[in-house]
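> Prediction below, plus the sequence it came from.
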Protein chains: 2
Amino acid sequence: MIRFGGILENMSETSSDWQRTTIDSAQAAAHPETAKTVAQIKALRQSIDNIDSAVISLLAERFKTTSQVGVLKASAGFAPEDMKREDYQIERLHRIAIEAGLDPEIAEKYREFVVTEAKKRHQRIAEAGGDPGVLDVFA
Amino acid sequence: MIRFGGILENMSETSSDWQRTTIDSAQAAAHPETAKTVAQIKALRQSIDNIDSAVISLLAERFKTTSQVGVLKASAGFAPEDMKREDYQIERLHRIAIEAGLDPEIAEKYREFVVTEAKKRHQRIAEAGGDPGVLDVFA
């Protein structure tokens, strides 16, 4: 709490206010001492937004690709789940996360997220008799 | 169940086996009729792995960037949470997901995942007095 003290007094914020700080121009104008920090945060946020745009594009391609796998699996009678494939992905993503300087725990959470969503969609495709049909729009 | 029937007989699999199908060369060799499908799935999986490599690299950059935001927020006394920023991200990611042909539900789950993890790390940085220190290795 101590480290918030000075700012709290300057900004006349209540305890609940600082829990949900909004970084905006009005705040910066009212408190010139924080304007530089706000500008730095805005620049970093633009980079974060650019990264997110790239990730969303890649996720779109990933789900289009796993949708094709889902159709093939359903047509051949393969189940949505493949434990050997998952073990391979766990090891691989852990390794490339370390190389990239990313906490491998984040990589594993990413894997769980995309694999879970892909399996759900594979199941839907199988239940639709192997034809993604309208499901394919966002499968 | 019916659509798995023929495959089940051919492959002499038990009910529990098909629930966790492993796509490998041995299976393909034993069942030439499925070899083509297996080859197609393998090719698609290589694309999925390539996409994952790109996403992991981007996530590494994203968390390095949000770590910098965390340090700035802690130094200025800003809280980890910023609801206005989150509302902006929700609207933006929904929009670019639609454009990319990705289910916006997936985009929102991605956002929740990265924002939750980033906030956890911002909190740790704040608790460490604004110095990410050793936490920065994977912050």
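Received it, and whenever you're ready, just let me know what you need.

> got the phi/psi numbers for A:Gly77?
phi 80, psi 10 (degrees, to the nearest 10).

> For it, grab the count of nearby residues.
A:Gly77: 21 surrounding residues under other C-beta atoms under 10 Å in any protein chain shown. For the C-beta atoms, the positions are set from N, CA and C on the backbone; glycine is no exception.

> Next one: it from A:Ala126, what distance?
Going from A:Gly77 to A:Ala126 by C-beta to C-beta, to the nearest Å gives 9 Å.

> do A:Asp103 as well
For A:Asp103, the distance to A:Ala126 - C-beta to C-beta - is 34 Å.

> Quick check: which helices or strands does whatever helix or strand A:Leu59 lives in pack against?
Per DSSP states H and E: A:Leu59 is located in helix A:32-76. Under the contact criterion of 3 or more C-beta pairs under 8 Å, 6 or more residues apart in numbering or on different chains; DSSP states H and E, helix A:32-76 touches helix A:25-30, helix A:104-127, helix B:32-76, helix B:83-100, helix B:104-127.

> Quick one: distance of that helix to the chain centre.
7 Å (C-alpha atoms, centre = their mean, to the nearest Å).

> That helix versus helix B:83-100: what angle between them?
40 degrees (axes from the mean of the first three to the mean of the last three C-alpha atoms, to 10 degrees).

> anything in stretch A:87-94 near chain B?
Yes. Counting by C-beta under 8 Å from any C-beta of the partner chain, chain B is contacted by stretch A:87-94 at A:Gln89, A:Arg92, A:Leu93.

> Spatially central residue in chain A, please.
A:Tyr110 (7.1 Å; C-alpha atoms, centre = their mean).

> if I look at it, how far off is B:Val115?
Taking C-beta to C-beta, one finds A:Tyr110 at 14 Å from B:Val115.

> What of A:Ala128?
A:Ala128 is 33 Å from B:Val115, by C-beta to C-beta.

> Please apply the same query to A:Lys84.
Taking C-beta to C-beta, one finds A:Lys84 at 33 Å from B:Val115.

> what do you get for A:Thr116?
In terms of C-beta to C-beta, A:Thr116 sits 18 Å off from B:Val115.

> More neighbours: which of the two?
Between A:Thr116 and B:Val115, counted using other C-beta under 10 Å, B:Val115 has the larger neighbour count: 18 against 11.

> who touches that one in this structure?
B:Val115 is in contact with B:Glu86, B:Gln89, counting by C-beta atoms under 8 Å, 6 or more residues apart in numbering or on different chains.

> So A:Leu102 lies in a strand, does it not?
No. Using DSSP: H, G, I helix; E, B strand; the rest coil, the assignment for A:Leu102 is coil, not a strand.

> need the contact list for A:Lys80.
To be clear, residue A:80 is Pro; Lys isn't right here. With C-beta under 8 Å, 6+ apart, A:Pro80 has these contacts: A:Gly70, A:Lys73, A:Lys119, A:His122, A:Gln123, A:Ala126.

> give me that answer again for 7 Å
Counting by C-beta atoms under 7 Å, 6 or more residues apart in numbering or on different chains, A:Pro80 makes contact with A:Lys73, A:Lys119, A:His122, A:Gln123, A:Ala126.

> Nearest spatial neighbour of the fourth one, chain-adjacent residues omitted?
Nearest residue to A:Gln123 in three dimensions, chain neighbours excluded: A:Pro80, at 5.2 Å (C-beta to C-beta, 6 or more residues apart in numbering or on different chains).

> Equivalent analysis for the last one, please.
If the residues on either side of it in the chain are set aside, A:Ala126 comes closest to A:Ala74, at 4.3 Å by C-beta to C-beta, 6+ apart.

> now do the second one
Excluding its sequence neighbours, the residue lying closest to A:Lys119 (C-beta to C-beta, 6+ apart) is A:Pro80, at 4.6 Å.

> Please apply the same query to the first one.
Distance criterion C-beta to C-beta, 6+ apart; nearest residue to A:Lys73, sequence neighbours excluded, is A:His122 at 6.1 Å.

> was I right about the one you found contacting A:Ser75?
No. Using C-beta atoms under 7 Å, A:His122 makes no contact with A:Ser75, being 11.8 Å away.
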